[in-house]
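>>> with the input below, show me the fold.
(one chain, ligands or ions: 3)
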Amino acid sequence: MVAAVGHQQNGSKTIAPVRNDWKLAEAEALYGLRFSDLMHQAQSIHSVNFDPNHVETGSLLSIKTGSCPEDCGYCSQSAHYDTGLKATRLMDPDAVVAAARCAKHAGATRFCMVAAWRSPKDRDLDQVCEMVSAVKDLGMETCVTLGMLTPTQAARLAGAGLDFYNHNVDTSPEFYGKIVTTRTLQNRIATLAHAREAGIEVCCGGIIGMGERVEDRLGMLVLLANLPSHPESVPINLWNEVSSVPVNDTVERPDPIALVRLVATARIMMPKSVVRMSAGSQYMTDELQARCFLAGANSIFMGDVLLTTKNPQRDPDANLLVRLSVKSNLA
Ligand code: SAM
Ligand code: DTB
Ligand code: SF4
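Ligands and ions are numbered 1, 2, ... in the order given. Take a look at the predicted model:
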């Protein structure tokens, strides 16, 4: 096997130290390994840190949809683009808890509540805290994504019992300015720090397939892996097509093998993080999803819709997790 950057052999197991000093050249060297060597390394690291036969199942709910003041060039919910989306107000907490109960019944272990805000207003946060506490009482892990937070808001969410805050860097520092101009990457990183300081676990990743280069995808992994602590969850989204947003001018569907290589590289660089296959399963065959699990992905979103776009599930009898005899709440 080709020697990997910074990894030691311990008997038959490969130990990957948790590092926060990754260089782009190291990420490129991993990504460019011969496929079999890359997969072997990713699988070895995966099995040291996780049960490789287990996949976590999450469920998403859009608790406030559309009319967002941010200009994210990939998003159906931005008020800057005429995407035809119907905006809604913040949902009633009882309706959110009812949706969480259904998701739990369908096998979800984590419930992620998502709002199309630049940042929450304090009165809205009261309601979100109520939702978090009630969903937690159902015995589910809770996650919210609400835009930028102040330290006080993060502390309030922590007080309500929030487990995870999702806030994505989306792409590399170099490509970021081409897709969002209304907030900086530094703004995003500050919110991640506020969540951490409040004791909330961090879910942070990005999107591929917006016209970025492979170097940008790896630059995003370097950015994530060099945060003061690795995000506990790293969502990898394939851009889910939305009409009338700027990304349509640059979109390029990633080569499936490039996706597998990226997942394996993420697994190696962030050995203890849950790598979550998020948006984009509609563009993936069962074989490609299975290959991503082998490369170290260990979480998926269930349900027919994500927030505003589709997440088509196969026939339940043909459920991929069951066919792979993966351990999950479904199988
Ligand atoms: N407004 C909050 C924010 O941006 O942090 C939360 C909601 S936003 C929809 C959550 C994440 O969804 C974004 O950071 C982005 O990475 C992802 N996302 C949005 N639209 C997407 C799309 N069309 N395809 C894939 N991922 C998308
Ligand atoms: C994340 O990284 N992906 C999820 C979750 N975090 C909130 C959102 C995917 C959104 C896909 C586009 C949509 O359905 O609007
Ligand atoms: Fe708003 Fe979030 Fe969509 Fe950006 S990604 S437009 S912040 S909802």
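
>>> ranges for the strands of the stretch 201-331 of the chain?
For the stretch 201-331 of the chain, the strands defined by DSSP state E, counting those that start in this stretch occupy 201-203, 206-208, 233-238, 274-277, 299-301.

>>> pretty sure Gly147 contacts Pro120?
Yes: counting by CB atoms under 8 Å, Gly147 does reach Pro120; the two are 6.6 Å apart. All C-beta spots, glycine's among them, are computed from the backbone N, C-alpha and C.

>>> the residue most central in space within the chain and Ala87, how far apart?
Nearest residue to the geometric centre of the chain (CA atoms, centre = their mean): Pro235, 1.7 Å. Distance of Pro235 to Ala87, computed by CB to CB, to the nearest Å: 24 Å.

>>> Val114 too?
Between Val114 and Ala87 the distance is 14 Å, computed by CB to CB.

>>> and for Ala266?
Distance from Ala266 to Ala87, by CB to CB: 34 Å.

>>> equivalent analysis for Lys136, please.
Computed as CB to CB, the Lys136 to Ala87 distance reads 28 Å.

>>> and the angle for the top strand by length along the chain with strand 233-238?
Longest strand in the chain by number of residues (criterion: DSSP state E): strand 56-64. Going by axes from the mean of the first three to the mean of the last three CA atoms, to 10 degrees, strand 56-64 is angled at 70 degrees with respect to strand 233-238.

>>> if you count contacts, what does strand 56-64 end up packed against?
With contacts taken as 3 or more CB pairs under 8 Å, 6 or more residues apart in numbering; DSSP states H and E, strand 56-64 sits against helix 93-105, strand 110-115, helix 122-137, strand 274-277, strand 299-301.

>>> Ala266 and Ala87: which is more packed in?
Legend: neighbour count by other CB atoms under 10 Å for Ala266 and Ala87, higher for Ala266 (28 against 12).

>>> about what we covered before: worst average pLDDT in the helices and strands packed on strand 56-64?
In terms of average pLDDT, strand 299-301 trails the rest of the helices and strands packed on strand 56-64, at a mean of 86.

>>> what ranges do the helices span in the stretch 151-300 of the chain?
Remark: helices assigned in the stretch 151-300 of the chain by DSSP state H, counting those that start in this stretch are 151-159, 173-179, 185-197, 214-225, 256-269, 286-294.

>>> restricting to C-alpha, output the second one in PDB.
It refers to helix 173-179. Extracted C-alpha coordinates of helix 173-179, given in PDB (Å, rounded to 0.1, in the frame of the first residue of the first chain):
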ATOM      1  CA  PRO A 173     -12.500  30.000   0.500                       C
ATOM      2  CA  GLU A 174     -11.500  30.700  -3.100                       C
ATOM      3  CA  PHE A 175     -14.900  29.800  -4.600                       C
ATOM      4  CA  TYR A 176     -17.100  31.100  -1.800                       C
ATOM      5  CA  GLY A 177     -17.300  34.700  -3.200                       C
ATOM      6  CA  LYS A 178     -18.600  33.300  -6.500                       C
ATOM      7  CA  ILE A 179     -21.700  31.900  -4.800                       C
END
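
>>> so which of the helices and strands packed on strand 56-64 comes closest to Glu174?
Glu174 lies closest to strand 274-277 among these, at 22.6 Å (CB to CB).

>>> contact partners of that closest one?
Residues outside strand 274-277 that contact it (CB atoms under 8 Å, 6 or more residues apart in numbering): 50, 56, 58, 203, 205, 232-236, 263, 266-267, 284, 289, 292, 296-301.

>>> tell me which parts of the stretch 151-300 of the chain are close to ligand 1?
His167, Asn168, Asp170, Gly206, Ile207, Asn237, Trp239, Asn240, Val242, Ala279 (CB under 6 Å from any ligand atom).
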